[in-house]
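# got a predicted structure here, sequence first:
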Amino acid sequence: MRIRTIQRNVPRLVSKPHILPALESAGIKTTHDVLFTPLGELLNRLSGAEDILTTDIIELQDEIAAVCAVPGIRGDELLENEVLAAEAMKPYSFSALGVKSVDDLLGETLYGPYVVEISGQTGSGKSAIAMQVALRRLAYDPDASTLWVDCSSDFSVERAKRICQNLELDEATTTSVLSRVQIILSFEIDEFQNTLDSIEASLTENSQASLRYIVVDPITPLLSGQITGSSSQGHATMVNIMRQLARIAQDHNLTVMVRVFSPPLSTEWDGLPFDGQVLNKTANSPTRNPLSSFPKTTAKPALGPTFTFLSHATIWLSTADTTLERRGRQGETHIVEVFRSRVGVRTFLLYFCIGSNVRTSRRTAGVCSLYRTGWSFYPTPIDNAPHDNSTMYLFMTVKVSQFKTTQ
């Protein structure tokens, strides 16, 4: 953890603010550096600093250790805190996405104090889902704000405006919504870490902050270059970043959505195998994602198996296969699956459609309204289910209606 993040909680740094700049100038920037670097080496690296005594460093180590220590809490208190946080964040006057079936499927995953991984192949609607959830919140909560960390320079204000139009917002409301979306460009891992530190420090300073969503779109290029087969440093960086995102979500009652690229299992990107492992490319190697209910799903979330367990839930988006598309629906049919969730169910999937105001464009403008077409819900066994209790999933036949979202 960066020392600057906890500066206000360390009495020695508050009473002697010149210590922190001296530490950073000496290359001592994290709590790990202070706690696990021998005292003699710390003093040697700070030998050129003025007005820093040995007792200051000793006291600083004790205070930082106390701040970093995990506080104890009883199980009933933890349950009560989680229930209160979820109730406080729940949007009672509107649904998170605006599509009842999807909202019922995902539940509090889209608005609770969680880190949600949204994965899927190109064109599956990952950014559209995240953007619609965030914009709907801003439309119905005039005090809320969203931070969008753009890691690929793909954020489109025009696309956000089209989603607002699909939500039938007037011009004044659309302007208000867009004015509360803050976009930050971040292409390097150091920039991203500094951004997270600044966000956490700002939220800690202002406990009444109105930030409700942080969207990292996408996180893959930031972390993929750090993960190699020859060093564990990149893996540690990934774990630290995801833990910091989870801490921000829990401490400040906001939702973090991270978008992840998901290439085919048999492909490589930038010369490195996906998922941090060397894939067997022989004819007998498996190419199906065992977490999916569909045998044609030949991709899975990138960044390795560890990343999956660093988020509270993994939502998988994909386009329907040719069999489903032959049923004559307008728009493009997509499928949402919950691969893993510590929040709610993980054994259901749902079909939905995404459409665009521009008929010739394949870019998605927002999640369209969906309605039942007479197909009933029915149980179906899942082959190759990852858990014994994964025996049911949800089918719904849907189609686009006038390219807009209804409540």
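Yes, it's here. Bear in mind that the values here come from a model prediction, so they are computed numbers and not experimental data.

# so Q182, which state does it fall into?
Three-state call for Q182 (DSSP: H, G, I helix; E, B strand; the rest coil): strand.

# can you tell me the element F339 falls in?
Following DSSP states H and E, one finds F339 within strand 332-341.

# that should have said N81, apologies.
helix 75-89.

# alpha carbons of stretch 177-196, as PDB, please.
Extracted C-alpha coordinates of stretch 177-196, given in PDB (Å, rounded to 0.1, in the frame of the first residue of the first chain):
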ATOM      1  CA  VAL A 177     -25.700  13.200 -16.400                       C
ATOM      2  CA  LEU A 178     -22.800  13.700 -18.700                       C
ATOM      3  CA  SER A 179     -21.400  16.400 -16.500                       C
ATOM      4  CA  ARG A 180     -21.100  14.000 -13.600                       C
ATOM      5  CA  VAL A 181     -19.100  11.400 -15.500                       C
ATOM      6  CA  GLN A 182     -15.400  12.100 -15.000                       C
ATOM      7  CA  ILE A 183     -13.100  10.400 -17.500                       C
ATOM      8  CA  ILE A 184      -9.400   9.700 -16.700                       C
ATOM      9  CA  LEU A 185      -7.000   8.300 -19.200                       C
ATOM     10  CA  SER A 186      -4.600   5.800 -17.800                       C
ATOM     11  CA  PHE A 187      -2.300   3.700 -20.100                       C
ATOM     12  CA  GLU A 188       0.500   2.700 -17.700                       C
ATOM     13  CA  ILE A 189       0.400   0.700 -14.500                       C
ATOM     14  CA  ASP A 190       2.200   3.400 -12.500                       C
ATOM     15  CA  GLU A 191      -0.300   6.000 -13.600                       C
ATOM     16  CA  PHE A 192      -3.200   3.700 -12.700                       C
ATOM     17  CA  GLN A 193      -1.800   3.000  -9.200                       C
ATOM     18  CA  ASN A 194      -1.300   6.800  -8.600                       C
ATOM     19  CA  THR A 195      -4.900   7.300  -9.800                       C
ATOM     20  CA  LEU A 196      -6.200   4.700  -7.300                       C
END
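
# check which residues of that stretch are buried.
177, 180-181, 184, 186, 189, 192-193, 195-196 (16 or more other CB atoms under 10 Å). From N, CA and C alone the C-beta is placed, and that goes for glycine too.

# most widely separated two among the residues you listed?
Using CB to CB, the buried residues of stretch 177-196 span at most 30.6 Å, a distance reached by V177 and I189.

# what's the helix ranked longest in the chain in contact with?
In the chain, assigned by DSSP state H, the helix with the most residues is helix 233-252. Helix 233-252 has contacts (CB atoms under 8 Å, 6 or more residues apart in numbering) with 1, 85, 113-115, 189, 192-193, 196, 199-200, 203-204, 209, 211, 214, 216, 223, 225-228, 254-256, 258, 276, 303-304, 306-307, 310-312.

# so how far is stretch 6-17 from its chain's centroid?
On the basis of CA atoms, centre = their mean, to the nearest Å, stretch 6-17 sits 31 Å off its chain's mean C-alpha point.

# so what touches that stretch?
By CB under 8 Å, 6+ apart, the list of residues contacting stretch 6-17 reads 3, 19-20, 31, 51-52, 56, 59-60, 63-64, 67-68, 201, 204-205.

# of these, keep whichever come out buried.
Buried, going by 16+ other CB under 10 Å: 3, 19-20, 31, 52, 56, 60, 63-64, 67, 201, 204, out of the contacts of stretch 6-17.

# pick out the most distant pair among these.
I52 and T204 (25.0 Å).

# the strand or helix carrying I129 to helix 75-89, inter-axis angle?
Using DSSP H and E, I129 sits in helix 126-140. For helix 126-140 against helix 75-89, the angle by axes from the mean of the first three to the mean of the last three CA atoms, to 10 degrees is 80 degrees.

# return the distance of the helix or strand just after helix 126-140 from the chain's centre.
Next helix or strand after helix 126-140 toward the C-terminus (DSSP H and E): strand 145-150. Relative to the centre of its chain, strand 145-150 is centred 11 Å away, using CA atoms, centre = their mean.

# what pLDDT does the model give Q208?
On pLDDT, Q208 comes in at 79.

# same question, Q165
Note for Q165: predicted pLDDT of 91.

# with Y111 instead?
Value listed for Y111 in the pLDDT field: 89.

# what about P17, how many residues close to it?
P17 has 10 neighbours, counted by other CB atoms under 10 Å.

# and what of the one 5 residues further on?
Per other CB under 10 Å, the neighbour tally for A22 reads 18.
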